[in-house]
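Visitor: Next one to model:
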Amino acid sequence: MSTSTSATTSAARSTTKSTTAIKVPRLNKGNALQRSMNLLYVYAMATGAIYTFMFYWDGIFMSYTGPATFLAYAIMTAAVLPIAFVYAELSTMLPSTGSSLVFNTIGINRHAGFWSSWLIMMAWAAVPAAGTLGIIDWLNYQFGLNLTGTNEVIVGTVALAVWCGLSLVKNVVAGKVQTAMLFLSIAGVVLTATLYLVSSNWSMENFDHFFATSLNGGGASGNGGWIGWIIGAAFMITPFFGFETVPAMVEEGTFPIKEQKKAILGSVITCGAIYVIFYFALAGMAPWATLTEGGSSAPFISIKAFFEAYGWAKYAFLLGVIGVLFPIGTSVLGFWYSSVRMIYAMGRQNFLPAAFAKTNKYGQPILPNILIFVLSVMFLLMPSITAFFNLMAFACATCYIISVISSIKMQKEHPEWKRPYKLPGGNKMRYLALVIAIVISGFTAYGQATESWVGFTGYMGVGLVLWIWMMVKKWPVQKVWMMTPDGEKEF
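Guide: Residues are numbered from 1 along each chain as shown. I've put the predicted structure just below:
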């Protein structure tokens, strides 16, 4: 009798453990992701994904929010943190790759899971192409290569192939490359900010037109008013989205799940601090109209300002490496990884054909990598790729709204679920995050140009076709499934 009881107790413990561990019982082990990412590598992937195109999109940032760009970043850091708290709790409670796909399918339903993922994928999938164009623009600027048309596509395709190759090998290789590029770039950016501050060109008088913005009709005068500046500040969420990439790598971490919060929150705080310091230093280098070339969103203004002050051609070239190539490299690799794992999860959990969940000998998804490569090459052919900067902000904020709503619902319906990390403030923090996400989404929607909405409509149209196909053909035969704290469930 006691032996039977002991066996029953042991089985119960085993069952309890299986619901909290990261298990995917429907997936053959040969197609599972491999645990090989330590906390530093995951932090580097997330921070690198957030870490924006510092010296490439610098003209956009300064044109949108003027000398007060550093203030916009400080405000956005504080605004993003409540959302990051929510993601930190969700990702430790539901430790399965897929991020918003998982959170919102479990929290609301499979439709919310699909559409929130489709939204965030719009931003993630656009980054490789945008980054590649940034590299080509820098090569043209630095060496006068005049790479356009066919040559531009060829060089871009080669660069994308390198990222694809990195994503297909062992995690530790990509992790080491990401970590090296990230910390070298951060060191170089901080050094450059210091050199700005001690330059004879730096002056507080250059902050006179403090809230200048080219938005809302401001143009070259920068007189876009408060509405224009607030819209510009809302767009600054674009250099912050990326912390949500951490849950995409949750099944590959070698560290306790509770420690994942350090990668999420640490990535936001690290990037926020760097942005504030650097753009404060840059703003003092010249009057706004001169620095931004009349609010034209021209790239490489950081490099131009440095060369104007010091005339060091070799260091100006080095700025291109640490401020253009490395930030683009880290950002693209981080989002490439995340996009691949999102598609992998969609294949595994019956949102897409199961073939998308097959992995190679290194545990890297095969078809998702190929798909991201093909999509990125297609984006290279789009003349309006720059419109995606604004669309990224809107798509991310809207996805955050859905995820926060899921968090609120799960807290109400399943307060008993174990949360290895509990966000501070409980529901007050959740509702604060919801309000912030709604405000950011609203202002970024208000600031979209017509070409952005055309691109958005086309992208969502493709999603609509895929969604209808799933409802009519796939889901009646194969239901969506997820691992919850109560075990595996179908949706």
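Visitor: any idea how far Ile108 lies from Ile401?
Guide: For Ile108, the distance to Ile401 (CB to CB, to the nearest Å) stands at 11 Å. From N, CA and C alone the C-beta is placed, and that goes for glycine too.
Visitor: How about Val477?
Guide: Per CB to CB, Val477 is found 32 Å from Ile401.
Visitor: just Arg348 next, same as before
Guide: 26 Å.
Visitor: With neighbour numbers in mind, choose between the two.
Guide: Arg348 (24 against 21; other CB atoms under 10 Å).
Visitor: most residues in a single helix of the chain, which one?
Guide: helix 110-143 (DSSP state H).
Visitor: How far off centre is it?
Guide: 9 Å (CA atoms, centre = their mean, to the nearest Å).
Visitor: quick one: the strands in this structure?
Guide: 481-484, 487-490 (DSSP state E).
Visitor: and the ones you listed, which is most packed in?
Guide: Most buried of the strands of the chain, by mean neighbour count (mean count of other CB atoms under 10 Å): strand 481-484, with a mean of 20.
Visitor: dump the residue contacts of Leu325.
Guide: Ile135, Trp138 (CB atoms under 8 Å, 6 or more residues apart in numbering).
Visitor: avg pLDDT for stretch 50-64?
Guide: The average pLDDT within stretch 50-64 is 92.
Visitor: Tell me which helix or strand in the chain has the weakest average pLDDT.
Guide: Scoring the helices and strands of the chain by mean pLDDT, DSSP states H and E places helix 2-20 at the bottom, with a mean of 38.
Visitor: could I get the strands of the chain as a markdown table with distance to Met62 and mean pLDDT?
Guide: Shown next, in a markdown table, are the strands of the chain (distance: least, CB to CB, whole Å; pLDDT from 0 to 100):
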| stretch | distance to Met62 | mean pLDDT |
| --- | --- | --- |
| strand 481-484 | 43 | 93 |
| strand 487-490 | 49 | 91 |
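Visitor: Select, out of these, the one closest to Met93.
Guide: Nearest to Met93 among the strands of the chain is strand 481-484 (9.2 Å), distances taken as CB to CB.
Visitor: Please export the C-alpha coordinates of the closest one as CSV.
Guide: Written as CSV, here are the backbone C-alpha positions of strand 481-484 (Å, rounded to 0.1, in the frame of the first residue of the first chain):
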residue,chain,number,x,y,z
TRP,A,481,-1.7,23.9,-28.9
MET,A,482,0.3,25.6,-26.2
MET,A,483,2.1,24.7,-23.0
THR,A,484,0.5,26.4,-20.0
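Visitor: which other helices and strands contact that strand?
Guide: Counting by 3 or more CB pairs under 8 Å, 6 or more residues apart in numbering; DSSP states H and E, the packing neighbours recorded for strand 481-484 are helix 100-107, strand 487-490.
Visitor: on that earlier part again, buried residues in the longest helix of the chain?
Guide: Buried positions in helix 110-143, judged by neighbour count with 16 or more other CB atoms under 10 Å: 110, 112-139, 141-142.
Visitor: residue contacts, the residue most central in space within the chain?
Guide: In the chain, the centroid-proximal residue (CA atoms, centre = their mean) is Gly242; its distance is 2.4 Å. Shown in contact with Gly242 (CB under 8 Å, 6+ apart): Ala46, Thr47, Gly48, Ala49, Ile50, Tyr51, Ser267, Ser331, Gly334, Phe335.
Visitor: Which other helices and strands does the longest helix of the chain contact?
Guide: Packed next to helix 110-143, using 3+ CB pairs under 8 Å, 6+ apart, are helix 100-107, helix 149-168, helix 313-320, helix 326-348, helix 367-380, helix 388-413, helix 450-469.
Visitor: returning to that earlier point: possible to save the helices and strands packed on strand 481-484 as JSON lines with distance to Ala263?
Guide: Below are the helices and strands packed on strand 481-484 laid out as JSON lines (distance: least, CB to CB, whole Å):
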{"stretch": "helix 100-107", "distance to Ala263": "17"}
{"stretch": "strand 487-490", "distance to Ala263": "26"}
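Visitor: And the ones you listed: which comes nearest Ala397?
Guide: That would be helix 100-107 among the helices and strands packed on strand 481-484, by CB to CB, at 12.5 Å.
Visitor: For that closest one, give me every contacting residue.
Guide: Under CB under 8 Å, 6+ apart, the answer for helix 100-107 is 90, 94, 96, 112-114, 116-117, 120, 244, 247, 342, 345-346, 349, 351, 399, 402-403, 405-407, 409-410, 480, 482, 484, 489, 491.
Visitor: How about stretch 118-125?
Guide: 99-100, 238, 241, 244-245, 335, 338-339, 342, 372, 375-376, 379, 388, 391-392, 395-396, 398-399, 402, 456, 459-460, 463, 467.
Visitor: residue ranges with poor pLDDT in the stretch 201-350 of the chain?
Guide: For the stretch 201-350 of the chain, no stretch has pLDDT under 70.
Visitor: any idea where the helices of it begin and end?
Guide: 225-235, 260-283, 288-291, 301-310, 313-320, 326-348 (DSSP state H, counting those that start in this stretch).
Visitor: can you tell which of those is closest to Ser200?
Guide: helix 301-310 (7.3 Å).
Visitor: and that closest one, how far from the chain's centre?
Guide: Relative to the centre of its chain, helix 301-310 is centred 29 Å away, using CA atoms, centre = their mean.
Visitor: relative to helix 313-320, how tilted is it?
Guide: Helix 301-310 runs at 160 degrees relative to helix 313-320, counting by axes from the mean of the first three to the mean of the last three CA atoms, to 10 degrees.
Visitor: helices and strands around helix 301-310, which ones?
Guide: Using 3+ CB pairs under 8 Å, 6+ apart, helix 301-310 sits against helix 58-65, helix 171-197, helix 260-283, helix 313-320.
Visitor: Highest mean neighbour count out of those?
Guide: helix 58-65 (a mean of 28).
Visitor: residues making contact with that helix?
Guide: Against helix 58-65 from outside (CB under 8 Å, 6+ apart): 69, 71-72, 211, 213-215, 229, 231-233, 235-236, 239, 279, 282-283, 288, 291-293, 295-302, 389.
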